[in-house]
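Engineer: let's see this in three dimensions:
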Amino acid sequence: MPAPKKASAPVPKPPRSAAKKQPLKEGGVTMDVCLKVDSPKIRQMEKKAAQRRGFKWALGLITIICFLALLKITVQEAILKNPQFALRDVAVQTSGPLTVEKIVRATLLTRGENLLSINMRALHTRLRQLPQVKDVAIKRDFDAGLMTLRITQRQPVAWLDCPKLGMIAGRPEVGYLVDDEAVPFPCDAVTEPMVALPVIRYPELSQKTSGTPIEDLQLTAALKLLKELEQRFELGHPQLRSIEVQTPYSMVAHFTDKAVITFGVDDLDVQLARLDRVRIEARARNWEIETLNLLARQNVPITFRKPPDLAGLQPDPGKTVSLSKPTSVR
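Structural biologist: Okay, the predicted model is just below:
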């Protein structure tokens with residue numbers, strides 16, 4: 001009987017080749033090796049190549065300079081010195097206290113100046129620096145050689161009077177006007193329409209910057225009151241002559257019928273409604289109002305220049321009506 005075969009042992013794997021192992025580097029020196037070959041002939045060839053490159057760059061630069069010079073001459077002869085683009089006249093379209101002559105002087109334009117060379121932004125800035133100017137629109141007409149300026153001026157609504165700041169109403173050079181946006185500007189010459197403007201007297205005004213809005217509560221209230229009273233004048237009410245800002249909370253308005261009416265800075269709508277009722281009653285009864293104080297919320301004080309017609313009026317019990325001159329009704 002044959003003997004059983006022994007189980008063969010696993011064949012061991014051959015060891016890895018030593019060539020595949022990455023040896024550990026414990027240290028070393030890195031050297032840069034210059035492989036450039038240097039010789040007199042090579043140096044001469046490099047010098048000639050550099051000379052050729054320099055010649056090409058110089059030739060290109062000269063060509064560019066000549067082209068730019070030719071372009072400049074062409075532009076000057078064809079455009080800048082062309083009489084077709086010369087400025088012949090300046091037309092100003094405006095309405096307001098600022099004269100056309102002063103506007104033209106502020107432009108610094110000269111006759112014969114090329115329209116294409118004018119700096120429009122600088123021209124716009126120069127005109128906007130005038131305190132009387134609110135907006136500017138500029139148009140160039142190359143065919144006619146015309147520069148058209150459309151100037152929107154600030155329209156004055158009143159004189160601003162403050163002797164402390166050297167602002168005297170009705171006088172040129174020292175007189176200041178104000179528009180509905182509370183922007184003051186000087187008056188160069190007093191014209192007939194300006195003489196008829198009402199006056200806002202504000203002794204305690206603290207700002208005088210021309211062309212800059214005045215941020216003041218009392219002046220804002222005075223301008224609002226002026227606007228409302230001007231609208232009522234168009235409806236037949238007496239015309240306003242002046243408004244005086246007496247205190248931080250009160251204003252006194254003077255009218256052509258010699259009436260003196262005191263208003264508060266706040267709640268102008270309520271006070272004006274009361275004034276309308278008094279005016280309607282005064283017109284119906286031929287009352288001549290001398291003073292009226294609308295600051296009081298009840299029992300509004302009112303005086304008359306002559307005894308008023310009180311027929312049909314029923315005063316409150318316990319209160320008397322004085323008919324002396326001037327007459328006071330409460």
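Engineer: helices of the chain, start to end?
Structural biologist: Under the criterion DSSP state H, the chain contains helices at 40-75, 100-107, 120-128, 192-195, 217-234, 268-285.
Engineer: winner for burial among the ones you listed?
Structural biologist: helix 217-234 (a mean of 17; mean count of other Cβ atoms under 10 Å). All C-beta spots, glycine's among them, are computed from the backbone N, C-alpha and C.
Engineer: these two touch, right, residue 127 and residue 151?
Structural biologist: Yes - using Cβ atoms under 8 Å, residue 127 makes contact with residue 151 at a distance of 6.8 Å.
Engineer: quickly list what's touching both of the two.
Structural biologist: Overlap of the contact sets of residue 127 and residue 151 (by Cβ atoms under 8 Å, 6 or more residues apart in numbering) consists of 103, 133, 136.
Engineer: correct me, but residue 89 touches residue 146?
Structural biologist: Yes - counting by Cβ under 8 Å, residue 89 touches residue 146, with 5.4 Å between them.
Engineer: these two: which has the busier surroundings?
Structural biologist: Set residue 89 next to residue 146 and count neighbours by other Cβ atoms under 10 Å: residue 146 wins out with 15 against 11.
Engineer: state the distance from that one to residue 122.
Structural biologist: Per Cβ to Cβ, to the nearest Å, residue 146 is found 19 Å from residue 122.
Engineer: what of residue 214?
Structural biologist: Taking Cβ to Cβ as the measure, residue 214 falls 29 Å from residue 122.
Engineer: count of neighbours near residue 130?
Structural biologist: By other Cβ under 10 Å, the residues close to residue 130 number 19.
Engineer: got a pLDDT number for the closest residue in space to it that isn't next to it in sequence?
Structural biologist: With Cβ to Cβ, 6 or more residues apart in numbering as the criterion, residue 130 has its nearest non-adjacent residue at 5.9 Å, and that residue is residue 106. Per-residue pLDDT puts residue 106 at 92.
Engineer: show the contacting residues for residue 106.
Structural biologist: Counting by Cβ under 8 Å, 6+ apart, residue 106 has contacts 126, 127, 129, 130.
Engineer: tell me the one among those residues nearest to residue 97.
Structural biologist: Nearest to residue 97, judged by Cβ to Cβ, of the contacts of residue 106 is residue 130 at 10.9 Å.
Engineer: mind checking pLDDT for that closest one?
Structural biologist: At residue 130, the model reports a pLDDT of 93.
Engineer: how much space between it and residue 102?
Structural biologist: The spacing between residue 130 and residue 102, counted by Cβ to Cβ, is 8 Å.
Engineer: what does residue 254 give?
Structural biologist: Residue 254 is 33 Å from residue 102, where distance means Cβ to Cβ.
Engineer: again, but for residue 93
Structural biologist: Using Cβ to Cβ, residue 93 is found at 15 Å from residue 102.
Engineer: in the chain, which spans are strands?
Structural biologist: Taking DSSP state E as the test, the strands found in the chain are 89-93, 133-141, 146-153, 158-161, 176-178, 184-186, 199-201, 240-247, 250-255, 260-264, 289-293, 302-304, 327-329.
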